[in-house]
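Visitor: The following block contains a protein sequence and its predicted model.
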Amino acid sequence: KAGVTQTPRYLIKTRGQQVTLSCSPISGHRSVSWYQQTPGQGLQFLFEYFSETQRNKGNFPGRFSGRQFSNSRSEMNVSTLELGDSALYLCASSLETANTEAFFGQGTRLTVV
Amino acid sequence: GESVGLHLPTLSVQEGDNSIINCAYSNSASDYFIWYKQESGKGPQFIIDIRSNMDKRQGQRVTVLLNKTVKHLSLQIAATQPGDSAVYFCAENRFKTIFGAGTRLFVKA
């Protein structure tokens, strides 16, 4: 059974640009959550999607958005990138809700220069 | 605010000894707790979970203890091995998952 796949693995962007990250959950999983991981702030919850609907949202500015498709694949978008957005972005999938065992991808390392 | 904290940022143990990693959580309404292990260059890996209606849960070489009275969570690793060296995160969930800062476990051979 394939695990959670995140693409791309590494990305370098310039301040002011926008970026889209992709996450393919484990087959059959309907919940996808996104997290930002930085050395200073640790792992912070961005949002959770279930059946194409955003179910929960963390405390991030509106520049961070996401969506989920009918096949449960999810994308997150960050507009007007800032240097502080440099981080490892992790996606986790769960069978039904985030309140069950979650499986993480290897993440996308975003560097904003 | 919401937060899950760890008492010790680093823990060093001898191979074969037992490890205990502690965690304090702040939201008394949290009903689901998870421990994750993260190795360098990888995403967090699920270790074990426990729901608020339980006090203890055992897995293979790992045990999680939950004390709701003092909002404390611990992870016990039996016979710690070099492969256990990693950063360990506790997390609490009530509609969304909040992670602790992490504890780095070093296993000395």
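Guide: Nice, thanks for sending it over.

Visitor: Going by C-alpha atoms from here, please, whenever you check contacts or count neighbours.
Guide: Will do.

Visitor: For A:E82, give me its contacts.
Guide: Residues near A:E82 by Cα atoms under 8 Å, 6 or more residues apart in numbering or on different chains: A:R15, A:G16, A:V112.

Visitor: pLDDT value on it, please?
Guide: Here the pLDDT value assigned to A:E82 is 98.

Visitor: Repeat that for the one 5 residues further on.
Guide: Here, the pLDDT recorded for A:A87 equals 97.

Visitor: State the distance from the residue in chain B that chain A sits nearest to to B:Y32.
Guide: Closest contact between chain B and chain A, by Cα to the nearest Cα, is at B:G43 (4.4 Å). According to Cα to Cα, to the nearest Å, B:G43 and B:Y32 sit 20 Å apart.

Visitor: What of B:N93?
Guide: 5 Å.

Visitor: Determine the residues that are contacts of both of the two.
Guide: A:N99.

Visitor: Write out the residues of chain A neighbouring chain B.
Guide: Contacts of chain A with chain B, taken as Cα under 8 Å from any Cα of the partner chain, map to A:41-45, A:48, A:56-57, A:90, A:98-99, A:101-107.

Visitor: which of these count as buried?
Guide: Using 16 or more other Cα atoms under 10 Å in any protein chain shown as the burial test, those include A:42-45, A:48, A:56-57, A:90, A:98-99, A:101-107 as buried.

Visitor: In strands, which of the residues of chain A next to chain B appear?
Guide: A:G42, A:L43, A:Q44, A:F45, A:E48, A:N56, A:K57, A:L90, A:A102, A:F103, A:F104 (DSSP state E).
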